[in-house]
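for reference, the sequence and a predicted model appear below.
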Amino acid sequence: MEWETVIGLEIHVQLATRSKIFSGAATAYGAPPNTQACAVDLGMPGVLPVVNAEAIRMAVCFGLAVDAHVAPRSVFARKHYFYPDLPKGYQISQYELPIVAQGRLNITLDDGETKTVGITRAHLEEDAGKSLHEGFERATGIDLNRAGTPLVEIVSEPDLRSAKEAVAYMKKLHALVRYLEISDANMQEGSFRCDANVSVRRRGDTDFGTRTETKNLNSFRFVERAINYEIERQIEVIESGGRVVQETRLFDPDKGETRSMRTKEEANDYRYFPDPDLLPVEVDAEFLDEIRRGLPELPDAKRERFMAQYGLSAYDAGVLTATRELADYYESVAALAAGDPKLAANWVMGDLAARLNEHGIDITASPVDAARLAGLLQRIQDQTISGKIAKEVFDVMWRDGLEADAVIEQKGLKQITDADAIAVMIDQAIADNPKQLEQYRAGKDKLFGFFVGQVMKASRGKANPAEVNRLLKEKLQG
Amino acid sequence: MHTKSLKELSALIRRREVSSREVVEHFLDRVRSLDPSLNGFVTVAEERALARAQQADERLGAGQGPALTGMPIAHKDIFCTRGLRTTCGSRMLADFTPPFDATAVQKLDTAGAVALGKTNMDEFAMGSSNETSYFGAVRNPWDLERVPGGSSGGSAAAVAAGLVPAATGTDTGGSIRQPAALTGVTGIKPTYGRVSRYGMIAFASSLDQGGCFARSAEDAAVVLQAMAGFDPKDSTSVDQAVPDYAAGLERELKGLRMGLPREYFAEGLEPGVKAVVQQAIEVLGEQGVEVVEVSLPHTELAVPAYYVVAPAEASSNLARYDGVRYGYRCADPLDLEDLYKRSRGEGFGREVKRRIMVGTYVLSHGYYDAYYLQAQKVRRLISDDFRRVFEQVDVIAGPVTQAPAFRLGEKIDDPVAMYLNDIYTIPANLAGLPGMSVPAGFVDGLPVGLQLIGNYFGEGRLLNVAHRFQQATDWHRRRPAEDAMRAEAS
């Protein structure tokens, strides 16, 4: 039996405002419990919410970036449920009239094809606090620092067909909100988290199967694993004659499985209604234009430009524009080491990326910054050092935080381009290896490489390889 | 001293004939001696008041002090007062002390007023008789066997009995105007958005509006002046300049057009009350007011629509009282659900629970359209009625209630009869219009109020009409006899 998977994601993005969405309390992460919760966040009697204009601006930014319809009038609604970390007994969210609707986002699939994923809506809402179960005896601790932190919840259409596609979409969104500087999208801190709606159906069916919703996935890897687990579980249920139950599930990363949290029957009736404490959010054309003018270059446009401006392949341009920081880094290197953007791309995506990966360091914290890497590339371009020596220099730069020139100077790695000096080394190599010379002259061409090696070894890698080749050819023929 | 108006008292202390401290002590004495029979106060803040009076005297001595400096007032116990218990008439908040002041409280503080304490009210402002308070019913100073009206019954009774010259109140469906009428004092509920709701414990957010009680329109003008104005902490407060109410009081009424809604004089209105109201309108006619009959055809839908919208919002606003962070918490909860159920079950009274249930029901999946949305449509129709009428007239006049004060216990077990009390007052709340109750006469020794409804932000006009009426009448000067109160208190 051939199965098709249908996936829709709901992604919660914490907006990078300084204060909360409905109060003046700070949003900084990691403060001692309940030190960043004011009377409004605590849901004290008589307090009222006042919307943070910056949160509106950020949501609009997002809407424009995904080509969506930004509602001229959107409405905050109350979503009711009782939970100790929800101070008012309701969450202020948007329901019937969200601020953003009908957007789209292009993702690149493994085969290089582009797929457009629909964004049903994105709405503003406040986050709840945190319940802390550890360290309490027969009690639960409540930390309301996070209560009232602004979120946009971005709901996709059920357009995704595999865990890989879901992850590609999520990564694209992750990059986008960081490009827009509307979120730090830090997944460990919960600033970017995902609920995955997954169902399966027989290929060719037009109706959707029954879906489950797996909550609070806060890493790309968890999303992939949880979705794949769900796909297999659902297929197994159906193939063994059972039926998938519509329910909310939780992913257990330790066991790598999802388990039931509550079924549809146990679901809350949220009793949404427009929040009478808040006026509708009005966004006029002038405000939209102002925001549109202030939008940064978005990932897709940047990728196109990288291809055109730097002559990069679609793949390379895609990798280099994956994050705004990486793209900025690359552009700095390319500008400073002008003339060879491809060389710059190879280094950024190659040696540098490998090293960053290995040490788990973010590009912005790289010990070799863009100016230094450019300095190194300049020495390759002006033939001071060879590409091979450059790798050695890079290692020292990474380790000791030095400029390329300082390393070259210190280690005496400057490339030898002087024909006379190289000729001396060649003569020596020929003199030292009479047997190989004889064989070469007898027609064993392969031994040319042997002599190149001997000369490079004698120069400790510093001889200019092109010059070595040219002179060696002359001498061996002689 | 307690027979004097705020204006007179203020003149006395500014001339240094008496000190604020003496004035405050006098009123505190009256609270001590008379309130035991009325139960108008939940909390009396004697030391705090005396300290504030002292400060007022110092400011006055230095030739300073804004309008209300040194003047005693009382706050309905729905307004949060920093460091002073704020109960909202509920067991749920019986021990709750807010860490902040309501904006209205803070503004009155800034204007120099001295708060004597917090007045009794129906629990969470839900009631029209002040019988639903956890702190016991308030009694009407004109007849201790009768209710003072609600929900701001404590404030109304306290002003009526001369325990304080003025007091704050809130009006969601008539909670200032109805008790003002039943106790013979002047009460004004301004336009929705005129007085900040910040720190005013929410009952029904789209209807709640703060206002005040005083002995006259002139005094009410001074108190409202201090309370009104835009507040960035309340998104629904309106950023519009507050006119000088006192300056507009004396305007001539000649040529003013006053509409009498046919529906407010129809079946249900007691003849005695009707006669008092008609007489009052004649008095205004003598001053050159042009009286015309108008129609507000959707009036009969107001009460049912209100009893959908108000409980819906209340069920949501009261969800925060869960026993987790503050307020009443049941003893020894077994688990989270038990904590919720018993804290709320024990912390709220019957009427509050009834409205939470109604509100929860009307917002439920599958019922929302039939009730809540429908009620919002009715609300629009009622607003449209008023809009049309205000194209023809400047002010609307009519009764506040169908009858004078009823007996304690008479309606407490009949919610529908109780709800119908507010038939003439609810429409102004649904439309967000300002309304006033002005003492207009008596029926069988019980006060009757004349209701004035103005156009949006027409408070100045209402106060003007009321003031001119009070210059021609002395109903607002009548005082209840004190012997019964004293006898009861001792």
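Nice, thanks for sending it over.

what about the closest residue to residue A:68 other than its chain neighbours, which SS state?
Distances taken as CB to CB, 6 or more residues apart in numbering or on different chains place residue A:103 nearest to residue A:68, at 3.0 Å, with adjacent residues excluded. In this view, the C-beta of every residue, glycine as well, is placed from N, C-alpha and C. Of the three states, residue A:103 takes strand according to DSSP: H, G, I helix; E, B strand; the rest coil.

where does pLDDT dip in the chain?
Picking chain A for this. Chain A contains residues with pLDDT under 70 at A:1, A:265, A:478.

residue numbers of it in contact with chain B?
Chain A has residues A:39, A:42-51, A:78, A:80, A:82, A:84, A:87-90, A:142, A:269, A:271-273, A:276-279 near chain B, with proximity defined as CB under 8 Å from any CB of the partner chain.

what subset of those residues is buried?
A:39, A:42-51, A:78, A:80, A:82, A:84, A:87-90, A:142, A:271-273, A:276-278 (16 or more other CB atoms under 10 Å in any protein chain shown).

for chain B, give the residue positioned nearest to chain A.
Of all residues in chain B, residue B:319 sits closest to chain A, at 2.5 Å by CB to the nearest CB.

check contacts around the nearest residue to residue A:133 once chain neighbours are set aside.
Leaving aside its sequence neighbours, residue A:133 sits nearest to residue A:140 (CB to CB, 6+ apart; 5.7 Å). Applying CB atoms under 8 Å, 6 or more residues apart in numbering or on different chains, we find residue A:140 in contact with A:84, A:131-133.

of the residues you listed, closest to residue B:141?
Within the contacts of residue A:140, distances to residue B:141 taken as CB to CB reach their minimum at residue A:84, with 44.9 Å.

re earlier: secondary structure and distance to residue B:143 added to the contacts of residue A:140, as CSV?
Output for these, formatted as CSV (DSSP: H, G, I helix; E, B strand; the rest coil; distance: CB to CB, whole Å):
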residue, secondary structure, distance to residue B:143
A:84, coil, 48
A:131, strand, 54
A:132, strand, 57
A:133, coil, 58
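
once you drop chain neighbours, what's closest to the residue of chain B closest to chain A?
Per CB to CB, 6+ apart, closest to residue B:319 is residue A:89, 2.5 Å.

go ahead and confirm that neighbour touches residue A:79.
No - counting by CB atoms under 8 Å, residue A:79 is not a contact partner of residue A:89; they are 10.2 Å apart.

overlap in contacts of these two?
By CB under 8 Å, 6+ apart, no residue touches both residue A:89 and residue A:79.

most neighbours among the contacts of residue A:140, please name it.
When neighbours are counted by other CB atoms under 10 Å in any protein chain shown, residue A:84 leads the contacts of residue A:140 with 19 neighbours.

residue contacts, that one?
Counting by CB under 8 Å, 6+ apart, residue A:84 makes contact with A:131, A:140, A:142, B:322, B:324, B:336.

the same query, at a cut-off of 10 Å, please.
A:128-129, A:131, A:140-142, A:144, B:322-325, B:336, B:339-340 (CB atoms under 10 Å, 6 or more residues apart in numbering or on different chains).
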